[in-house]
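1. Predicted model and sequence below, questions to follow.
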Amino acid sequence: WSLTGGGVVMFGPGLLAGCRGRAKASPDGAARGSTATSAPIFSPAQRSVIAAAAARILPSDDGPGAAEAGCIDAIAQTLADPYFAYKAPRFRQGADVLENLARSQWQNSFVELPAADRDRCLEHLQNGKSDTPAFAGRLFFDDLLVFTVEGFLGHPKYGGNRNKVGWTFIGYEPGGPGPG
């Protein structure tokens, strides 16, 4: 995947919708279930950064994008699920790294940057240029990419695909034959 590659490759770790509601072991070995936490996953500033980053992954150039589909709500809802909660700190860190990078490079908030500069920030993370022993930008970027696409195309009951804009965009009609 490349932000400048011009397209989205459809993939994911088993589509999130199929994982919800069933107790499973997460990669850290702890049992996970479907009970969501009630505490906010992001600060308001972090939520804005993640929403703006998702909007660069699926922009609204040629139709609905992450913003119209409410992908930020799907991402937050997914991270509130105990099965995926272990990824929430990575998302909070990623939002903070994007904000700090924008402020250090352009003296502006990530959400206020022009699209091209937001893309540069995301590419910076994707290429590991902001990695530290405690933060892997590529892992954050990969998760953000997957969660954004799944928020766009997943079932609306999981917080995204608002008004079924993702399904409409790809020509999928619920109740009809499934994709693939």
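-> Arrived safely, thanks for sending.
2. What are the neighbouring residues in contact with the nearest residue to residue 46 once chain neighbours are set aside?
-> Using C-beta to C-beta, 6 or more residues apart in numbering and skipping residues adjacent in sequence, the residue nearest residue 46 is residue 95, 3.9 Å away. From N, CA and C alone the C-beta is placed, and that goes for glycine too. Applying C-beta atoms under 8 Å, 6 or more residues apart in numbering, we find residue 95 in contact with 42, 45-47, 49-50, 53.
3. Drop anything exposed from the residues you listed.
-> Listed as buried from these are 42, 46-47, 49-50, 53; burial here means 16 or more other C-beta atoms under 10 Å.
4. Now do the strands in the chain.
-> 24-25, 31-32 (DSSP state E).
5. Residue 160 and residue 124: what is the separation?
-> 26 Å (C-beta to C-beta, to the nearest Å).
6. what about those two, which has more around it?
-> residue 160 (30 against 17; other C-beta atoms under 10 Å).
7. So the more buried one is in contact with residue 154, correct?
-> Yes - contact criterion C-beta atoms under 8 Å: residue 160 and residue 154 qualify, at 5.6 Å.
8. quick one on the thing from earlier: mind listing which of the contacts of residue 95 are in helices?
-> Those of the contacts of residue 95 mapping onto helices are 45-47, 49-50, 53, per DSSP state H.
9. buried ones in the longest helix along the chain?
-> The longest helix of the chain (DSSP H) is helix 88-106. In terms of neighbour count (16+ other C-beta under 10 Å), helix 88-106 has its buried residues at 88, 90-99, 101-102, 106.
10. now swap in stretch 160-174 and tell me
-> Neighbour counts over stretch 160-174 (16+ other C-beta under 10 Å) mark 160-162, 165-167, 169 as buried.
11. Among the residues you listed, which ones are in helices?
-> 165-167, 169.
12. okay if I get those as JSON lines plus pLDDT?
-> Formatted as JSON lines, those follow (pLDDT from 0 to 100):
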{"residue": "165", "pLDDT": "95"}
{"residue": "166", "pLDDT": "95"}
{"residue": "167", "pLDDT": "94"}
{"residue": "169", "pLDDT": "93"}
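13. Adding distance to residue 65, write those residues out as a markdown table.
-> Shown next, in a markdown table, are these (distance: C-beta to C-beta, whole Å):
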| residue | distance to residue 65 |
| --- | --- |
| 165 | 9 |
| 166 | 10 |
| 167 | 14 |
| 169 | 9 |
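14. Closest to residue 133 out of those?
-> Proximity of these to residue 133 (C-beta to C-beta) peaks at residue 166, which lies at 36.8 Å.
15. just to revisit the earlier point, what sits in contact with each of residue 160 and residue 154?
-> Residues touching both residue 160 and residue 154 (C-beta under 8 Å, 6+ apart): 74, 166.
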